[in-house]
Structures are given as C-alpha cells and as structure tokens.
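Need a 3D model of the following:
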Amino acid sequence: SNELLVRNFSNIKKTFKILFNNLFQNSYPLFDLILYLYIMKQFRDYYNFFREEKFCLRILKEIRQQQGIVCKKCSNKEHYWKNDKKKFECKGCGYRTSLKKGTLMENSNLPIQYWLSVIAYLGTTKENVSALKLQKELGHKRYEPILRMVKKIRSSPESDFMKQKIVEYFNKMNTAKLQR
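This is a model prediction of the structure:
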C-alpha cells in the first residue's frame with residue numbers, strides 16, 4: 001500500500017503542480033507541505049514516521065533537555081546523559097532521572113513510539129479519533145492502556161511543552177523532507 005500511496009502522491013502532485021503553478025507562480029514548497037499534510041491524515045503514516053526506537057529516544061531526549069531537568073533530590077540543574085541506562089544523571093548527587101519522568105508518559109509501559117505518534121497525530125490533525133481505533137491501528141492487544149494514554153494526551157493543556165515540541169518537531173521534519 002505504501003507503493004500505491006507514493007505512486008498516487010506523485011500523480012496527484014504533478015497534476016496539482018501544473019494548476020498551482022498557474023495560480024501562484026512556482027510556490028512549490030508551500031504546495032508540497034499542504035498536499036503532504038493532506039495525505040498524512042492516516043494514523044499509520046504518523047506511526048511509521050516514529051518507527052525507530054532510537055529516533056524516538058533522541059527526540060524525547062532533546063525535548064527534555066530543552067525543557068530543563070531538575071534533580072528531584074538536590075535541585076541541581078546540571079546532568080550527564082547515561083547512554084547505557086537511557087537516563088540523565090545528576091552531576092551533584094548522582095541521582096538518575098528517566099526520560100519519561102515529569103512528562104505525560106510517566107508511569108506508562110507503552111512504547112515511546114506510541115506516545116509520540118499519537119501526540120503528533122492528535123496535535124496535527126485535531127481529529128477526534130477513538131481510543132479503540134488507535135488501539136487497532138497500533139496493533140496493541142489491550143484497550144485500557146491506550147485509553148489511558150489518549151485521555152492523558154487530551155486532558156493535558158495545549159500549552160504543554162512536551163506536546164508542543166513533539167508536534168513542532170514532526171512538522172519541522174516533514175517540511176524539511178518536502179524541501180529536498
């Protein structure tokens with residue numbers, strides 16, 4: 001189905017570029033972004049975007065560093081990244097903080113890929129999709145953890161730093177892909 005999507009995307013893109021060119025004199029990057037986001041309405045596309053665990057960890061690590069990590073024990077703001085443990089370690093007392101600590105993902109055993117793809121999907125499309133549909137799309141066996149995740153994401157404010165940065169990162173990466 002990916003080959004068909006790519007082929008259809010190319011055909012649609014060629015047709016609309018001709019029309020778009022006549023209307024807007026070579027504004028291709030904007031057109032590409034609009035068309036790509038229109039096609040990116042399928043959740044599976046978001047899930048595939050975040051398919052690699054290393055990629056997800058890198059994004060989450062960058063967002064956490066931007067947000068600022070404060071040690072729970074000594075309130076120190078300087079940390080090392082422990083790659084083998086996938087945690088931040090306080091330079092002052094050695095206390096370790098996980099990537100999920102202090103985020104929507106805290107106390108969840110769901111993969112980071114689930115979280116990032118659902119946050120990006122809900123934040124970008126603003127679609128009111130059911131947790132049951134997401135559970136089926138993710139291929140997850142149990143409904144309850146997916147329902148809890150969706151409720152947490154929806155109940156958090158739009159101003160949540162983590163949500164904003166994930167959606168921003170997703171949009172930035174897609175814009176960069178289209179400009180290549």
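
mind listing what residue 116 touches?
Residue 116 makes contact with 50, 56, 59-60, 166, according to Cβ atoms under 8 Å, 6 or more residues apart in numbering. Just so you know, the C-beta spots here come from the backbone N, C-alpha and C atoms, and that holds for glycine as well.

List of residues touching the host helix or strand of residue 151?
Residue 151 belongs to helix 143-155 when assigned by DSSP states H and E. For helix 143-155, contacts defined as Cβ under 8 Å, 6+ apart pick out 104, 108-110, 114-115, 118-119, 122, 131-132, 134-135, 138, 140, 163.

export it as CSV, just CAs?
Output of helix 143-155 as CSV, limited to C-alpha atoms (Å, rounded to 0.1, in the frame of the first residue of the first chain):
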residue,chain,number,x,y,z
TYR,A,143,-7.6,-1.4,25.1
GLU,A,144,-7.2,0.1,28.6
PRO,A,145,-3.6,1.4,28.3
ILE,A,146,-4.3,3.0,25.0
LEU,A,147,-7.5,4.6,26.5
ARG,A,148,-5.4,6.0,29.5
MET,A,149,-2.8,7.4,27.0
VAL,A,150,-5.4,9.1,24.9
LYS,A,151,-7.1,10.5,27.9
LYS,A,152,-3.8,11.9,29.3
ILE,A,153,-3.0,13.5,26.0
ARG,A,154,-6.4,15.0,25.5
SER,A,155,-6.7,16.3,29.1
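
Can you list the buried residues in it?
Applying a neighbour-count criterion of 16 or more other Cβ atoms under 10 Å, one finds 145-146, 149-150, 152-153 buried in helix 143-155.

With stretch 122-137 instead?
Within stretch 122-137, the residues that count as buried by 16+ other Cβ under 10 Å are 122-124, 131, 134-135, 137.

now the strands for the chain?
Taking DSSP state E, the strands of the chain run over residues 79-82, 87-90, 96-98.

Name the surrounding residues that touch the second one.
Surrounding strand 87-90, the residues in contact under the criterion Cβ under 8 Å, 6+ apart are 64, 69, 71, 73-74, 76, 78-82, 95-99.

Residue 45: which of those residues is nearest?
Relative to residue 45, the closest of the contacts of strand 87-90 is residue 99; by Cβ to Cβ it sits at 24.4 Å.

what about that closest one, neighbour count?
A count of nearby residues for residue 99, using other Cβ atoms under 10 Å, gives 20.

Show the model's pLDDT score for the nearest residue to it once chain neighbours are set aside.
Spatially, and ignoring its direct neighbours in sequence, residue 99 is nearest to residue 60 (5.0 Å; Cβ to Cβ, 6 or more residues apart in numbering). pLDDT, residue 60: 91.

measure residue 60 to residue 121 for me?
Distance, residue 60 to residue 121, by Cβ to Cβ, to the nearest Å: 17 Å.

cool, and residue 78?
Between residue 78 and residue 121 the computed distance is 35 Å (Cβ to Cβ).
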